[in-house]
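When you get a sec, could you give me coordinates for this:
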Amino acid sequence: MNDIVRWGMLGTSGFARRRVVPAVRDAANARITSVASRDPGRAEAYARELDIAKTHASYEALLSDPEIDAVYVALPNHKHAAWATRAIEAGKHVLCEKPIACQADDVHQIIAARDRHGVKAGEAFMVALHPQWVRLRELIQSGRIGEVRAIQANFGFQMTGAGNIRNVAQYGGGALLDIGCYPVFGSRFVLEWEPRRVFCTMEFDPQSGVDRMLSGILDFGNVQSSFVCSFVTAPHQSMVFLGTKGSIALEIPFNPPPDKPARLLVDGAFVDLPICNQFTLEFDAFSRAILNGGHVPVTLEGALANMKVLDALRRSAESGSWERA
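Residues are numbered from 1 along each chain as shown. The predicted structure follows:
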C-alpha cells in the first residue's frame, strides 16, 4: 500500500457521488477509503452506495484518523477554507473543491497552514489535467494560431430547486463561484498571466438573492477574455481562443464525457484527444505529488490568484466600473 494514498472525504456531495468517487476507483495511486458526515446515517448510506470502506460520524473524527493520508474537501463553498485549514492542521494533505473559498482573503489562512505543516494542498480544478487543455496550451504556445487576441466562453444550465446549495447565498451560492470560476481559470491557465482589470454585470434571483446570470470581461492587456455564465439558460458550454492566424475551440471545455474522445476544433478541423476521466487524472496526479514530493496540479498560489479575479468581478458588478484584479 506504499504506492497508494488513502483519501478521506469530508461531506456527502452529490457532485462527488456522480463524478468523483466513481472516477477514483480507476486511479492507480489513490483510494477513497473513508467518508464523514455530521449525519451518521447519511455517511453510512453514502458509503454503502459507493463501496467506501469506512465512515465517520463527524468531520473531526475523520481528521484524527491515522489511517487517512489525505483529505478531499467536498463541502459547500462557505466551508471550504475553514475545513481545508483544519485538515492541514491535523497533518493531512488536502485537495479542496473549487472554488477554494468564497473570497481571496480566506485563502491566505490555508497557505499559512500549509507552510507551517509542510503538507501538500491544492484546488480541485480537474480541467488542468485533461489532455484537451494540455494540448490546447501547447498549440497556443507553439504559435499555431499566432498571437491570442480574444477568448470567448459560455457556461450555463437551468438551476432548479430552491433548496439546492448553489441557490443559497449564505452557502456561497451563485453562478460566479459555481461556474464563473471555470472561464476565469481557463483563460489564466492558457495565457499564464493575470488580467490587469475586469468588468462584470450580474442579474440576481429575486427569491434566493444569488447571482443567477453574469457577463464578464477580463482585460489581459493585448488579450480580451469575455464570458457569460448562467443558471437560467438551456445547458451549454463553449470556449474559443482567437488568434492573429487562426482559432482553437474546445467542443466541451469543462465537463467532457469520460467515455468519448474530447475534441479541439483547430481552424475548422477536429482533433481528437484520448478518452480519459479528468477526475481520475486529478487524483492520480495529486497522489503522485504526495508520494514523490512533486508539485500539485493547481497550487494554493494559483487558487489565490483565481479568487482575486472572482473578487474583482463581484466588486465590478457592485460598482458598475472596471476593477483592478
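
C-alpha from now on. contacts and neighbour counts both.
OK.

isn't I145 right up against V240?
No: using CA atoms under 8 Å as the test, I145 is too far from V240 to be in contact (11.6 Å).

Please enumerate the shared neighbours of the two.
In terms of CA atoms under 8 Å, 6 or more residues apart in numbering, I145 and V240 are both contacted by the residues 247-248.

Look at T160 and report its pLDDT.
Here the pLDDT value assigned to T160 is 80.

and it, how far is that from E318?
Between T160 and E318 the computed distance is 25 Å (CA to CA, to the nearest Å).

Also Q132?
Q132 is 35 Å from E318, where distance means CA to CA.

Contacts made by stretch 138-155 with the rest, please.
Contact partners of stretch 138-155, identified using CA under 8 Å, 6+ apart, comprise 179-180, 183, 187, 190, 222-230, 235-248.

for stretch 251-264, same thing?
Contacts to stretch 251-264, defined as CA under 8 Å, 6+ apart, come from residues 127, 132-133, 136, 182, 237-239, 248-250, 265, 270-278.

before we move on, back to that, more crowded one of Q132 and E318?
Q132 (24 against 12; other CA atoms under 10 Å).

Isn't the more buried one up against F270?
No: using CA under 8 Å, Q132 is not in contact with F270; the gap is 11.7 Å.

among the contacts of stretch 138-155, which are in strands?
Judged by DSSP state E, the contacts of stretch 138-155 include 224-230, 235-243, 247-248 as members of strands.

Out of those residues, which end up buried?
Buried subset of the ones in strands among the contacts of stretch 138-155 (neighbour count, 16 or more other CA atoms under 10 Å): 224-230, 237-243, 247-248.

Can you tell me which of the residues you listed is nearest L304?
Set against L304, the nearest of these by CA to CA is S225 (19.4 Å).

ok, for that closest one, nearest residue in space, not its chain neighbours?
Closest residue to S225 apart from its sequence neighbours, by CA to CA, 6 or more residues apart in numbering: I151 at 4.4 Å.

For beta bridges, what are the partners of the one you found?
S225, F241 (DSSP bridges).

Give me the neighbour count for it.
For I151, the count of nearby residues is 23 (other CA under 10 Å).

Could you look up the SS state of M307?
The assignment at M307 comes out as helix when based on DSSP: H, G, I helix; E, B strand; the rest coil.

no wait, C276
At C276, secondary structure determined by three-state DSSP is coil.

mind listing what it touches?
With CA under 8 Å, 6+ apart, C276 has these contacts: 130, 258-261.

now that we have those residues, which one has the most neighbours?
That'd be H130 among the contacts of C276, by other CA under 10 Å, with 24 neighbours.

hang on, it packs against L281?
Yes: using CA under 8 Å, H130 is in contact with L281, at 7.5 Å.

low pLDDT regions in the stretch 1-150 of the chain?
Counting by pLDDT under 70, the ranges of the stretch 1-150 of the chain that qualify are 1.

where do the helices sit along this protein?
14-15, 21-24, 40-50, 59-63, 80-89, 107-117, 131-141, 175, 181-191, 278-292, 300-319 (DSSP state H).

Can you get me a residue count around the nearest residue to M239 once chain neighbours are set aside?
Excluding its sequence neighbours, the residue lying closest to M239 (CA to CA, 6+ apart) is A153, at 4.2 Å. A153 has 24 neighbours, counted by other CA under 10 Å.

Could you do the one 3 residues further on as well?
Applying other CA under 10 Å, we find 21 residues neighbouring G156.

Run through the residues that contact it.
179, 228-237.

ok, and the closest non-adjacent residue to it?
Looking at G156 with CA to CA, 6+ apart, the closest residue is S230, at 4.5 Å.

Please name the bridge partners of the one you found.
Beta-bridge partners, per DSSP bridges, of S230: G156, M213.

Local confidence estimate at it?
The model's pLDDT for S230 equals 98.

my guess is it meets V210, correct?
No: the criterion here is CA under 8 Å, and S230 misses it with V210 at 11.1 Å.

Assess the claim that A28 and E282 are in contact.
No: the criterion here is CA under 8 Å, and A28 misses it with E282 at 11.2 Å.

ok, back up a step: nearest to N306, of the buried ones among the ones in strands among the contacts of stretch 138-155?
N306 lies nearest to S225 out of those, by CA to CA, at 14.2 Å.

if I pick the closest one, what's in contact with it?
For S225, the contact set (CA under 8 Å, 6+ apart) comprises 150-153, 187, 217-219.

buried stuff in stretch 197-213?
Neighbour-count burial for stretch 197-213 flags 197-202, 208, 210-213 (criterion: 16+ other CA under 10 Å).

related to what we said a few turns ago, so for S230 and V210, which residues contact both of them?
Counting by CA under 8 Å, 6+ apart, the contacts common to S230 and V210 are A175.

Please report how far the nearest residue to Y182 once chain neighbours are set aside lies from I179.
Of all residues not flanking Y182 in the chain, F254 sits nearest, at 7.2 Å (CA to CA, 6+ apart). From F254 across to I179, the span is 9 Å (CA to CA).

Distance of V228 relative to I145?
As for V228, its distance to I145 is 24 Å (criterion: CA to CA).
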